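Trainee: Requesting a structural model of the entry that follows:
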Amino acid sequence: MKNDQLTSLPPKFYTIAQIADFVDVSTRTVRRWIERKLLVAHTISGLVRISDTDFQAFLAAHPDG
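Mentor: Take a look at the predicted model:
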């Protein structure tokens, strides 16, 4: 794959449940992070999703969860 193709890949998005499973917390905890603006979430076609970029930024800013 060429470097210019990497920049054209669509962003990866996760569900609240996927984020909760990954960091081993409840979905309610993830929703609290979103409500407190600790984790950026996007509404896409009425569904809440977290981009990989935003999730990585959250993990970097909150290494202990």
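
Trainee: So in the protein, where's the weakest helix or strand by average pLDDT?
Mentor: Lowest on mean pLDDT, DSSP states H and E among the helices and strands of the chain sits helix 3-6, with a mean of 54.

Trainee: Give me the distance between the helix or strand just after it and the centre of its chain.
Mentor: Next along the chain after helix 3-6, taking DSSP states H and E as the criterion, comes strand 13-14. Strand 13-14 sits 6 Å away from the centroid of its parent chain (C-alpha atoms, centre = their mean, to the nearest Å).

Trainee: next one: stretch 18-28
Mentor: Offset of stretch 18-28 from its chain centre (C-alpha atoms, centre = their mean): 11 Å.

Trainee: Would you mark the buried spots in it?
Mentor: For stretch 18-28, burial by neighbour count (16 or more other C-beta atoms under 10 Å) applies to 19-20. All C-beta atoms are positioned from the backbone trio N, CA, C, and that covers glycine.

Trainee: Which residues does it contact?
Mentor: 14, 16-17, 29-30, 39, 50, 55, 59, 65 (C-beta atoms under 8 Å, 6 or more residues apart in numbering).

Trainee: ok, which pair from those residues is furthest apart?
Mentor: The largest distance within those, taken as C-beta to C-beta, falls between 17 and 59 and amounts to 17.1 Å.

Trainee: Between those two, which has more neighbouring residues?
Mentor: Of the pair residue 17 and residue 59, residue 59 is the one with more neighbours under other C-beta atoms under 10 Å, namely 14 against 11.
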